[in-house]
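[1] below are the sequence and a predicted model for it; my questions follow.
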Amino acid sequence: MEILIGGLALILIWLIVIYNKLIRDKNRILTSWSDIDVQLKRRHDLIPKLIEAVKQYAEYESTALTAITELRTASERSEDISLISRYETKIGNKVRNIVAIAEDYPVLKTSDLFIDLQKNLTEVENNIQYARRYYNGCVNNLNVRIDSFPDLIVARAFRFSRATFFDFDN
């Protein structure tokens, strides 16, 4: 009888340990996504300033601003990470186009405001990449745990689901 109770106690401890590791990995994903979200918001705040700086020196179409604003709004409203990834990739492409346009204007390239915005945007892009790598590492840890025996038994019992990677072309 004591052996049976001891065996059940070990199984219960094992279940608790695995459950707690799954919760830890899930919370790391939530925390790391929050870091990405902060950087995306910083990026979204810098883009209109960049467009405004370019508009002062170049006859820049307002359609670009409208397109970026629509993408930014769609990204902020979405909760699907794969959709956010696509929106943010498109935003990045549009920002690169704006910077490329600025290359044709020597006065703009030497503007302190433009240089500062470009530096801040580069910093934000780098921070997004660092945060994305950490997030994707956390996602990978959880997904491996969910797919690996014996953890998959606990994961399925408590309905843990695989997380989505944040693929961000930059």
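    Good, I have the coordinates.

[2] for the protein, what are the low-confidence residue spans?
    57-62, 169-170 (pLDDT under 70).

[3] could you point out which element follows the helix or strand containing Asn93?
    For Asn93, the element it lies in under DSSP states H and E is helix 81-102. Tracing the chain C-terminally past helix 81-102 and defining elements by DSSP H and E, one meets helix 106-109 next.

[4] now that next one: buried residues?
    Within helix 106-109, the residues scored as buried using 16 or more other Cβ atoms under 10 Å are Leu108. Just so you know, the C-beta spots here come from the backbone N, C-alpha and C atoms, and that holds for glycine as well.

[5] renumber starting at 44 from here on
    Fine by me, first position is 44 from now on; the one you just mentioned is helix 149-152.

[6] and it, what other elements does it pack with?
    helix 45-100 (3 or more Cβ pairs under 8 Å, 6 or more residues apart in numbering; DSSP states H and E).

[7] just checking, what packs against the helix or strand following the helix it packs on?
    Using DSSP H and E, the next helix or strand after helix 45-100 towards the C-terminus is helix 105-120. Applying 3+ Cβ pairs under 8 Å, 6+ apart, one finds that helix 105-120 makes contact with helix 45-100, helix 124-145.

[8] centre of the chain to helix 105-120, how far?
    Relative to the mean C-alpha coordinate of its chain, helix 105-120 is positioned 18 Å out (Cα atoms, centre = their mean, to the nearest Å).
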